[in-house]
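Turn this into a model:
(chains A, B, C and D)
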Protein chains: 4
Amino acid sequence: MISRTPPVYIAVIGGSKATGGILPVAWQIGQEIARRGAVLLCGGLGGVMSTAARGAQEAGGVSIGILPGPDRQDANPYLTYSLPTNLGHARNVLIAHSADGLIAVDGEYGTISEAAIALKLGKPVVGLSVTWRLEGVAMVTTSQEAVDLILQRIKKCGV
Amino acid sequence: MISRTPPVYIAVIGGSKATGGILPVAWQIGQEIARRGAVLLCGGLGGVMSTAARGAQEAGGVSIGILPGPDRQDANPYLTYSLPTNLGHARNVLIAHSADGLIAVDGEYGTISEAAIALKLGKPVVGLSVTWRLEGVAMVTTSQEAVDLILQRIKKCGV
Amino acid sequence: MISRTPPVYIAVIGGSKATGGILPVAWQIGQEIARRGAVLLCGGLGGVMSTAARGAQEAGGVSIGILPGPDRQDANPYLTYSLPTNLGHARNVLIAHSADGLIAVDGEYGTISEAAIALKLGKPVVGLSVTWRLEGVAMVTTSQEAVDLILQRIKKCGV
Amino acid sequence: MISRTPPVYIAVIGGSKATGGILPVAWQIGQEIARRGAVLLCGGLGGVMSTAARGAQEAGGVSIGILPGPDRQDANPYLTYSLPTNLGHARNVLIAHSADGLIAVDGEYGTISEAAIALKLGKPVVGLSVTWRLEGVAMVTTSQEAVDLILQRIKKCGV
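Prediction:
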């Protein structure tokens, strides 16, 4: 448990249609985030987002989903809290603003846009199992490394 | 405790510079929301927002602040979770989308804009100690009435 | 023709389903705005928005529609330029930010939200044929009065 | 002159601090866009944005700047029309929605976020003098090629 108030917010961003080996990775990241006492932010939909939220839930953690549509019914069932925005892809920018650091898992253009805005805002971004490359995204190979590194970089940012 | 998943989200909207008799009303609304097991949403700043969040916190409840600026430091200290959006007044529209129902306490143009969008979206809005009038806002005189009525109307909406 | 650069931007806000006597009023406002050399802003859809844009077009003026949806096809055919935003009702806040002054004709909750945000931003708002009341909205009875008054108040604001 | 109504909208995105050889490229792109009768969209600030707008202006074309801040005074002086949004980086998403196609010149994270959202929306993106790479961005080496290619791809998209 991180002894701080307010909590650290880590966004897990990535593909809504991720499958296969990606999903256990997302689940483990959710678990790790919860174990460290951080809040998991995500886009609230499926794939990486729902699997990470499930990981957090199963470890007793808290997740908040920031949804692109107007309807809470679209939220995945593992979120502790869900916030429909009706802003479409502009909700990606919200996630970058609300997170202290971001972990990208898989994902395509939407994920890249979130990572790019976060880097523009000076926030740390870690990548795992991503097929794209963006300067400034620190690549790691395990879930534990991802969460270790993002927390370390968030601390350096003085959050 | 409301036995439902996901929780009901009640936004408390109102003046960031409210003073005097308004603040105990906001505090009591926060307390009532927490006691019913609902999540309190607000704009995350001072006045009605911080006092309602304090009421919720002191009753063991959860509050989420959706901030207009880019900086979590601007959040009031009573929020359980805070989400900086950097969207300025457009965050008012987010609050209307994320709430199942809204309680307006005091407030001026910003509060009216939130109430108007919520009514446009078909969501119930209750008003207490407001000096403005907007058709469709149900006026009440006590904090308990406000929370009773908003929960009753939310149920009718089938949330 | 107002001899200034950049141009003055006047938003015409109001009901997308306005009918009857409202439409000639909206058309005349569009005509007046064009004759003064101002740019007409609107939400880009039907009713008051399309009729005002038609008025501006027929007087040789320029109109810009800021659309709530993602699709330019939804724009009314009288706009000189159309900008789909996919922001839903949050585009109302954009109109308030982009306008130097606003004229409300008819309209309901959406229109009230735009007027309220504009007033919050310190921008002049004039109302014509509206059934609602909002403190700070100057009521007039003719199209010419509406445009005269909004231009006069914009000048006082030093735009 | 493209004989169509409504006009084609081409966004020129890129660095607000671009210097040196980048600027003549941006200027030429603005010229080319204006010559083809398309509307130039941009973020309204300096560097690539202002230089492209100047190019369009000097060729008699029209440019619209969608500004991140609340203040029209921040617009570069070459825009035909300017729209302050106060949405911060979320205005990047607006540009992607409002453009039929985008030309990226130089630029960093903000530009990448715009390109990524546009590609997500299925819109063509052309890159010129960019140091970053994003799958799906068609690289060209001259201003004329950039405008030729974007117009050709926009037509294929059936705009």
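
which other residues reach stretch A:15-26?
A:12, A:14, A:43, A:45-49, A:51-52, A:55, A:105-108, A:110-111, A:128-129, A:143 (Cβ atoms under 8 Å, 6 or more residues apart in numbering or on different chains). For every residue, glycine as well, the C-beta is placed using N, CA and C.

Report the buried residues of the host helix or strand of A:A138.
In this assignment (DSSP states H and E), A:A138 forms part of strand A:137-139. The neighbour-count criterion (16 or more other Cβ atoms under 10 Å in any protein chain shown) identifies A:V137 as the buried residues of strand A:137-139.

returning to that earlier point: out of the contacts of stretch A:15-26, which sit inside strands?
Within the contacts of stretch A:15-26, residues falling in strands by DSSP state E are A:12, A:14, A:105, A:128.

Could you measure from the closest residue to the third one other than its chain neighbours over to chain C?
Distances taken as Cβ to Cβ, 6 or more residues apart in numbering or on different chains place A:G14 nearest to A:V105, at 3.9 Å, with adjacent residues excluded. In this structure, A:G14 and chain C are separated by 22 Å, where distance is defined by Cβ to the nearest Cβ, to the nearest Å.

next one: the helix or strand A:E32 falls within to chain centre, how far?
When elements are defined using DSSP H and E, A:E32 is found to belong to helix A:22-35. The chain centroid and the centroid of helix A:22-35 are separated by 10 Å, computed with Cα atoms, centre = their mean, to the nearest Å.

That helix - what's its average pLDDT?
If you average the pLDDT over helix A:22-35, you get 98.

Check stretch A:43-55 too.
Over the span of stretch A:43-55, the pLDDT mean works out to 98.

Would that stretch count as contacting chain C?
No. Contact between stretch A:43-55 and chain C, assessed by Cβ under 8 Å from any Cβ of the partner chain, is absent, since the two come no nearer than 15.5 Å.

Tell me the buried residues in that stretch?
By neighbour count, and taking 16+ other Cβ under 10 Å as the criterion, the buried residues in stretch A:43-55 are A:43-45, A:47-55.

Return the residues of chain A in contact with chain B.
A:6-7, A:39, A:62, A:64, A:66, A:70, A:72, A:75, A:79, A:81-87, A:93-94, A:97-98, A:121, A:159.

Direction included, what does the strand holding A:A138 pair up with?
Strand A:137-139 has its sheet partners listed here by DSSP bridges as strand A:125-128 (parallel).

avg pLDDT for the partner strand?
For strand A:125-128, the per-residue pLDDT values average out at 98.

Please give the centre-to-centre distance between that strand and its chain.
In terms of Cα atoms, centre = their mean, the gap separating the centre of strand A:125-128 from the centre of its chain is 10 Å.

and what of stretch A:71-85?
Distance of stretch A:71-85 from its chain centroid, counting by Cα atoms, centre = their mean, is 15 Å.

who touches that stretch?
With Cβ under 8 Å, 6+ apart, stretch A:71-85 has contacts from A:42, A:44-46, A:49-50, A:53-54, A:56-57, A:61-70, A:91, A:94, B:6-7, B:39, B:62, B:64, B:66, B:81, B:83, B:94, B:97-98, B:159.

What are the neighbouring residues in contact with A:V140?
Applying Cβ under 8 Å, 6+ apart as the definition, the contact partners of A:V140 turn out to be A:126-128, A:146, A:149.

Likewise for A:L45?
Shown here is A:L45, whose contacts under the criterion Cβ under 8 Å, 6+ apart are A:16, A:65, A:67-68, A:74-76.

Pull out the buried members of these.
With neighbours counted by 16+ other Cβ under 10 Å, these contain buried members at A:16, A:65, A:67-68, A:75-76.

quick one: the helices in chain A?
With DSSP state H applied, chain A shows helices at A:22-35, A:48-58, A:91-98, A:109-120, A:143-156, listed in chain order.

From the buried residues of stretch A:43-55, pick the one nearest A:K155.
Taking Cβ to Cβ as the measure, A:K155 lies nearest A:A52 of the buried residues of stretch A:43-55, at 21.4 Å.

isn't the closest one right up against A:E32?
No. With the criterion set as Cβ atoms under 8 Å, A:A52 and A:E32 do not qualify as a contacting pair; they are 9.8 Å apart.

Which neighbouring elements make contact with the helix or strand bottoming out on mean pLDDT in chain A?
Of all regular secondary-structure elements in chain A, judged by mean pLDDT, DSSP states H and E, the least confident is helix A:143-156 with a mean of 95. Contacts of helix A:143-156 with other secondary structure elements, assessed using 3 or more Cβ pairs under 8 Å, 6 or more residues apart in numbering or on different chains; DSSP states H and E, are made with strand A:9-14, helix A:22-35, strand A:101-105, strand A:125-128.

and those as JSON lines, adding mean neighbour count?
Below are the helices and strands packed on helix A:143-156 laid out as JSON lines (neighbours: other Cβ atoms under 10 Å in any protein chain shown):
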{"stretch": "strand A:9-14", "mean neighbour count": "30"}
{"stretch": "helix A:22-35", "mean neighbour count": "24"}
{"stretch": "strand A:101-105", "mean neighbour count": "28"}
{"stretch": "strand A:125-128", "mean neighbour count": "25"}
